[in-house]
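S.K.: My questions are about this predicted structure, shown below with the sequence.
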Amino acid sequence: MEFKIEESGSKGEVTAVEAGKTLGTMTYSVAGEHLIIIDHTDVAPEGQGKAIGKRLLFTLVEELRASNRKAMPLCPFANAMFKKLPEIRDVLS
């Protein structure tokens with residue numbers, strides 16, 4: 001499975017693709033030079049049970065660390081993951 005981040009203007013997304021099919025997407029808005037707002041996570045039915053949502057978030061967290069940015073998780077899934085996993089809270093706004 002491949003995880004890709006694409007950002008254009010004030011919008012961005014992380015996608016999980018396997019065999020040419022998108023199995024999950026996490027979208028965010030750029031809210032300034034050092035802040036993004038995670039607004040939605042979606043996992044296709046055939047991707048359920050494969051920890052795709054968590055892997056999308058971890059891919060984004062690594063990118064945030066590399067670019068010295070923080071995240072504000074408005075998405076209920078991302079918010080719950082930040083509460084559950086202290087190892088990723090360093091990028092929490």
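M.R.: Sure thing, it's come through.
S.K.: just checking, what packs against the longest helix along the chain?
M.R.: Counting residues, the longest helix found in the chain (DSSP state H) is helix 52-67. The contact analysis (3 or more CB pairs under 8 Å, 6 or more residues apart in numbering; DSSP states H and E) places helix 52-67 against strand 2-8, strand 11-18, strand 21-30, strand 35-43, strand 70-73, helix 76-84. C-beta coordinates here come from the backbone N, C-alpha and C atoms, glycine included.
S.K.: strands paired with the third one, and their directions?
M.R.: Partner strands and pairing direction for strand 21-30 (DSSP bridges) are strand 11-18 (antiparallel), strand 35-43 (antiparallel).
S.K.: thinking again about what came up before, how big is the angle separating the longest helix of the chain from strand 21-30?
M.R.: 40 degrees (axes from the mean of the first three to the mean of the last three CA atoms, to 10 degrees).
S.K.: OK, contacts around residue 88?
M.R.: Contacts here follow CB atoms under 8 Å, 6 or more residues apart in numbering; on that basis residue 88 touches 57-58, 61, 81-82.
S.K.: Mean neighbour count, the strands paired with strand 21-30: which tops it?
M.R.: Highest mean neighbour count among the strands paired with strand 21-30 (mean count of other CB atoms under 10 Å): strand 35-43, with a mean of 19.
S.K.: pLDDT on that one, on average?
M.R.: Average pLDDT, strand 35-43: 98.
S.K.: is the closest residue to residue 31 other than its chain neighbours in a bridge, and if so with what?
M.R.: Of all residues not flanking residue 31 in the chain, residue 37 sits nearest, at 5.1 Å (CB to CB, 6 or more residues apart in numbering). Following DSSP bridges, residue 37 is listed with bridge partners residue 29, residue 72.
S.K.: Contacts only, for residue 37.
M.R.: 28-29, 31, 71-74.
S.K.: what's the answer for residue 23, then?
M.R.: Taking CB under 8 Å, 6+ apart, one finds 1, 16-17, 43-44, 46-47, 50, 52 in contact with residue 23.
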